[in-house]
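Undergrad: Output the structure for:
(one chain, ligands or ions: 1)
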Amino acid sequence: MPVWRLRGIILPAGEPGEVYVDGDRITFTPVAGAETVADGGYLLPGLVDVHCHPGTSGIGEPLDERLLRTHGEQLRAAGVSAVRVPGSAGRLPSWFGADPDLPRVREAGLAVAAEGGFFPGWGRQLPPERIPAAAAEESRASGGWCKLIVDWLTDDGGYAPTMSPEVVAAATRAVRRAGGRVAAHTQHAAGGAAAVLAGVDSVEHGMHLPEDLLDTMAAQGTALVPTATAFAHLAPLMADPQVPAGTRTWFGEGWRRHPGLARAAYEAGVTVLAGTDLPPGHLTEEIRWLAEAGLPGDVAVGAASWTARAWLGLPGIEEGAPADLLAFDTDPRRRLDVLDRPSRVIVRGRLVR
Ligand SMILES: [Zn+2]
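TA: The predicted structure is shown next:
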């Protein structure tokens, strides 16, 4: 396999350096015969989308393995070297994640929800007494994560918690005992409070999350994944008069306060991460939304790069690290538009661009 050499300002530290990519490994020790593929500019640790659902064509659709490969290829072409899939439409096949020509994968198995508390046909929808054991099972089956849907749309067009705080806490404890981590889907004030007080690892979406929970999140290390661009895509649909009035009000109010929530979370010291949800693959748009919401440019880029990598146990550009990186002619922390135009993309040691 060829060895690549890249020279540039290494982010986030900002020091100039010379990096060699030897198989799926980064080293600073010169390797004979390396081919220089970037000389000057900036080197960014590989991008990570911490919330996306590849292999799904739409809400309620089954997992489509051909589409899963297509989405994986599209993500990689855009420089995304790792994804966290918090709940998928079906069991992810073992080739996804094992294939060195596709991004690395962290997953959460099937989402665990209350009966009627998720899209019809998706996830495991269970009575309360079965939720903690199922949550632990999913985290074991997926090798790391469980996704809990703690609140959902109601039949009358509203939105409400679907699990009691006691069930959310019991499920979180069960996943912890199994050695896993919990991603809580919440878009409701009381659901968000239940998730944060249970000590989940991440709040997914977080719409309507009360800002007085942010200090607790920061203290216990609960991350916020606002998935804002998914909401931005949904906003025109949710404004349709056909949508029940309660749903429109719930969505409209949540969406209006979402940028302020992201900024307040950052200011409180919460780890804010970039995820795209459905459809997958507009990660750079999410980074720019975070910056527009008020996160500094380097923090917004880190939310999809070094911060997200550290959070998933993936080192950045370090000796012996997995070989995921991008090269840019200009500093992507100062010019977020260039994130769409890397001069080089290396994912799992392969030169993609
Ligand atoms: Zn999602």
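Undergrad: Give the bridge partners for the nearest residue to residue 271 once chain neighbours are set aside, please.
TA: Counting by C-beta to C-beta, 6 or more residues apart in numbering, residue 271 lies nearest to residue 223, which is 4.2 Å off, once chain neighbours are set aside. Where C-beta positions appear, they are placed from N, C-alpha and C, glycine not excepted. Beta-bridge partners recorded for residue 223 (DSSP bridges): residue 202.
Undergrad: for the worst-scoring helix or strand of the chain on mean pLDDT, the distance to its chain's centre please.
TA: None of the helices or strands of the chain scores lower by mean pLDDT, DSSP states H and E than helix 228-238, at a mean of 93. Taking C-alpha atoms, centre = their mean, to the nearest Å, one finds the center of helix 228-238 at 17 Å from the center of the full chain.
Undergrad: Start at 158, not 1
TA: All right, first residue 158 from here; so that's helix 385-395.
Undergrad: Which positions within it qualify as buried?
TA: 385-388 (16 or more other C-beta atoms under 10 Å).
Undergrad: For the chain, which segments are assigned as helices?
TA: All helices of the chain, identified by DSSP state H, fall at 222-234, 252-255, 288-299, 322-334, 346-355, 371-377, 385-395, 402-425, 440-450, 454-459, 463-468.
Undergrad: got the angle between the third one and helix 322-334?
TA: This means helix 288-299. Between helix 288-299 and helix 322-334, the angle comes out at 30 degrees (axes from the mean of the first three to the mean of the last three C-alpha atoms, to 10 degrees).
Undergrad: re the thing from before, if you count contacts, what does the least confident helix or strand of the chain end up packed against?
TA: helix 402-425, helix 440-450 (3 or more C-beta pairs under 8 Å, 6 or more residues apart in numbering; DSSP states H and E).
Undergrad: In CSV: the ones you listed, plus mean neighbour count, distance to residue 204 and mean pLDDT.
TA: Shown next, in CSV, are these (neighbours: other C-beta atoms under 10 Å; distance: least, C-beta to C-beta, whole Å; pLDDT from 0 to 100):
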stretch, mean neighbour count, distance to residue 204, mean pLDDT
helix 402-425, 17, 19, 96
helix 440-450, 22, 6, 98
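Undergrad: Tell me what angle the least confident helix or strand of the chain forms with helix 440-450.
TA: Using the same axes, to 10 degrees: helix 385-395 against helix 440-450 is 90 degrees.
Undergrad: could you check the angle helix 402-425 makes with helix 385-395?
TA: 160 degrees.
Undergrad: before we move on, back to that, want to try CSV for the helices of the chain, with distance to residue 182 as columns?
TA: Formatted as CSV, the helices of the chain follow (distance: least, C-beta to C-beta, whole Å):
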stretch, distance to residue 182
helix 222-234, 18
helix 252-255, 18
helix 288-299, 26
helix 322-334, 32
helix 346-355, 37
helix 371-377, 34
helix 385-395, 33
helix 402-425, 33
helix 440-450, 24
helix 454-459, 23
helix 463-468, 15
